[in-house]
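A.B. asks: quick check, what structure comes out for this input:
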Amino acid sequence: MLNNYDKPCKHDLLFDGTMNNINKYKSVIRQLKKLKYKIFIAYMEIPKEVSIERALNRYRDNHGKESEYGRYVPISIIDNFFDSGDDGFQAIKKDVDGYIKIDSLTGKIIEKGGEPIPETRSYAKAFEEVEEAEIKELDKAPDNLKTDLENSLKGAKIALKYAEKSEKTEIRKFVKGLQISIKYLK
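C.D. replies: Sure, this is the predicted structure:
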């Protein structure tokens, strides 16, 4: 699925999830390794009660403000994480280039292995540089916008395939927006 996307790897990717579906993660790791990505995982250890409280607060506080309430994470998803998330981490950590396990209450690293996770990333600066470059690129060749949107659509469809059930609605909205934008450019 990833074979025609982002080859050779030129961007960092973040794949957010619970690690409870070991086969899904092993498949994604294999595909990304074929594309020559370095793969690191960070696993956040958190007490179940705190996880539930944070999820309910995010829903209630709605920091995104796109609707009356924030993103709701069903308690069953949290239960599933606590049933198998650490098992998933333990099973896939040997397949990646490096990993860390963090106590989410203290921020302290509990476990680490493999190569250290790169610390020299400056994502805020990287996004600014990309944004400036994209603006200059649009000024030069507006035809590239359609190609960029089509590539983003491919990436969003990949994300949709591997997303948790609770994330799929937001990704579908994004996909629909990209489809409309591409249609508008024709």
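
A.B. asks: tell me how many other residues surround the closest residue to Ile39 other than its chain neighbours.
C.D. replies: When the adjacent residues along the chain are set aside, Ile39 lies closest to Val96, with 4.4 Å between them (CB to CB, 6 or more residues apart in numbering). Heads up, the C-betas are built off the backbone N, CA and C, glycines and all. If you count neighbours by other CB atoms under 10 Å, Val96 ends up with 18.

A.B. asks: now do Lys176
C.D. replies: A count of neighbours around Lys176, defined by other CB under 10 Å, yields 11.

A.B. asks: so for it, what's the pLDDT?
C.D. replies: Reported pLDDT at Lys176 in the predicted model: 79.

A.B. asks: shaky segments in the protein?
C.D. replies: Scanning the chain with the threshold set as pLDDT under 70 gives 1-11, 63-69, 121-145, 184-186.

A.B. asks: need the contact list for Arg58.
C.D. replies: 70-71, 73 (CB atoms under 8 Å, 6 or more residues apart in numbering).

A.B. asks: now the residue nearest to Ile39. Its backbone dihedrals?
C.D. replies: Recorded main-chain torsions at Val96 are phi -110, psi 170, according to degrees, to the nearest 10.

A.B. asks: cool, and the one 3 residues further on?
C.D. replies: As for Tyr99, its main-chain torsions (degrees, to the nearest 10) stand at phi -150, psi 160.

A.B. asks: and what of Gly113?
C.D. replies: Torsion angles, degrees, to the nearest 10, at Gly113: phi -170, psi 170.

A.B. asks: follow-up on the earlier one: residue contacts, the residue nearest to Ile39?
C.D. replies: Neighbour list for Val96: 29, 39-41, 114 [criterion: CB under 8 Å, 6+ apart].

A.B. asks: again, but for Glu119
C.D. replies: Under the criterion of CB under 8 Å, 6+ apart, Glu119 has no neighbours.

A.B. asks: distance of it from Val28?
C.D. replies: Counting by CB to CB, to the nearest Å, the gap between Glu119 and Val28 amounts to 24 Å.
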